[in-house]
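Novice: pasted the sequence and its predicted model underneath.
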Amino acid sequence: MIEVHDVTKHFGKVQALAGASFTARDGQVTALLGPNGAGKTTLLRLLVGLLGRDRGTILIDGIDPGIDPLAARRSIGFLTDQFGLYERMSTREYLRYFGELNGMERRAIDTRIDEVTALLAMDDIVERRSKGFSQGQRIKVALARTLLHRPRNLLLDEPSRGLDVMSTRALRRALAALRADGCCVIMATHVMQEVTNSCDDVIVIARGATVAQGTPQSLCERTGIASLEDAFVKLVGTDEGISA
Ligand SMILES: Nc1ncnc2c1ncn2[C@@H]1O[C@H](COP(=O)(O)OP(=O)(O)OP(=O)(O)O)[C@@H](O)[C@H]1O
């Protein structure tokens, strides 16, 4: 479970977070929805302890990443906007390397590589070096790395960007599997269809603060609007930063 209370963060004079508060529960996929510049990536980086907050409380399964980032990170898989692939390594070599960094045993790594590459439908690129990989192929490798060590908490920053229809379905399967395993998943996205298809709960963030949290249906009911996209626009008070 991930608990955030009244978190603020400045970069110089820019206020990236201005009082974000929410709870993301186990066994749920929680969407983090907000216009460009709303503070989504900053929030994810604070959760994983890559940045320090100015104020507020953050607990990852009871651990404060600001106090003990290494302990918090052990239970987190973070798909960032920077994939950090090593072009000379094949996908298998790359995943093995990260499995070893996470303290997994070789046999467990190989079994898990088979599982995640099947889940994400990436058999065609397992033995290929990542040099020249397309955007969709790159994100799949990064996602496979994120899932490899079975973290209990998953932070996914726009995981569906650049994915084709088949890969988007593979991502949905992966999210469903994580939910069934009881993981806590937070997914920052601009794609409303992914929210409707894959998310149990939605956090709406605007200008650095949480403006609403609830199921897609409850957000529609609260605004009195049938479409989630229109409900989001009403909650945020602008129509920037969304795609159909
Ligand atoms: N390292 C930094 N230095 C200065 N300003 C920053 C830095 N990181 C983020 N910001 C600013 O903080 C605000 C929030 O940025 P953030 O990247 O968290 O937004 P976001 O919701 O992820 O946006 P997007 O949907 O465009 O990816 C923006 O105004 C951004 O310019």
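Specialist: Yep, it's here.
Novice: around the ligand, which positions in this protein sit nearby?
Specialist: When proximity is defined as Cβ under 6 Å from any ligand atom, the chain approaches the ligand at 11, 14, 16, 34, 36, 37, 38, 39, 40, 41, 42, 241. Bear in mind the C-beta positions are built from the backbone N, C-alpha and C, glycine included.
Novice: now do 5 Å
Specialist: 11, 14, 16, 36, 37, 38, 39, 40, 41, 42 (Cβ under 5 Å from any ligand atom).
Novice: using PDB, list the CA coordinates for the helix or strand where the last one lies.
Specialist: In this case it means residue 42. For residue 42, the enclosing helix or strand under DSSP states H and E is helix 40-47. Only the C-alpha atoms of helix 40-47 are listed here, as PDB (Å, rounded to 0.1, in the frame of the first residue of the first chain):
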ATOM      1  CA  LYS A  40       2.900  13.100 -11.800                       C
ATOM      2  CA  THR A  41       6.500  12.200 -12.600                       C
ATOM      3  CA  THR A  42       7.700  14.300  -9.700                       C
ATOM      4  CA  LEU A  43       5.400  12.400  -7.400                       C
ATOM      5  CA  LEU A  44       6.600   9.000  -8.700                       C
ATOM      6  CA  ARG A  45      10.200  10.100  -8.200                       C
ATOM      7  CA  LEU A  46       9.400  11.100  -4.600                       C
ATOM      8  CA  LEU A  47       7.700   7.700  -3.900                       C
END
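Novice: now for that helix, which elements pack on it?
Specialist: On a contact count with 3 or more Cβ pairs under 8 Å, 6 or more residues apart in numbering; DSSP states H and E, helix 40-47 meets strand 2-11, strand 14-24, strand 28-33, strand 55-60, strand 153-157, strand 184-189.
Novice: and those strands as TSV, adding mean neighbour count and mean pLDDT?
Specialist: Formatted as TSV, the helices and strands packed on helix 40-47 follow (neighbours: other Cβ atoms under 10 Å; pLDDT from 0 to 100):
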stretch	mean neighbour count	mean pLDDT
strand 2-11	18	97
strand 14-24	19	96
strand 28-33	25	97
strand 55-60	18	97
strand 153-157	24	95
strand 184-189	26	96
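Novice: rebuild those as JSON lines, extending it with distance to residue 67.
Specialist: Output for the helices and strands packed on helix 40-47, formatted as JSON lines (distance: least, Cβ to Cβ, whole Å):
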{"stretch": "strand 2-11", "distance to residue 67": "14"}
{"stretch": "strand 14-24", "distance to residue 67": "18"}
{"stretch": "strand 28-33", "distance to residue 67": "23"}
{"stretch": "strand 55-60", "distance to residue 67": "10"}
{"stretch": "strand 153-157", "distance to residue 67": "17"}
{"stretch": "strand 184-189", "distance to residue 67": "20"}
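Novice: show me the one of the ones you listed that comes nearest residue 207.
Specialist: For those, the distance to residue 207 is smallest for strand 14-24, at 6.3 Å, taking Cβ to Cβ.
Novice: hmm, back to that, next one: the helix holding residue 42 to chain centre, how far?
Specialist: Its chain's C-alpha centre and that of helix 40-47 lie 10 Å apart, by Cα atoms, centre = their mean, to the nearest Å.
Novice: for the remainder of this discussion, apply numbering that starts at 505.
Specialist: That works, and once the first residue is 505, the last one we named lands at helix 544-551.
Novice: and that helix with strand 559-564, angle?
Specialist: 70 degrees (axes from the mean of the first three to the mean of the last three Cα atoms, to 10 degrees).
Novice: show residues contacting helix 544-551.
Specialist: The contact list for helix 544-551, computed with Cβ atoms under 8 Å, 6 or more residues apart in numbering, reads 506, 508, 511, 513, 520-521, 524, 536, 538, 555-557, 562, 564, 569-570, 576, 580, 582, 584-585, 659, 661, 690, 692, 709.
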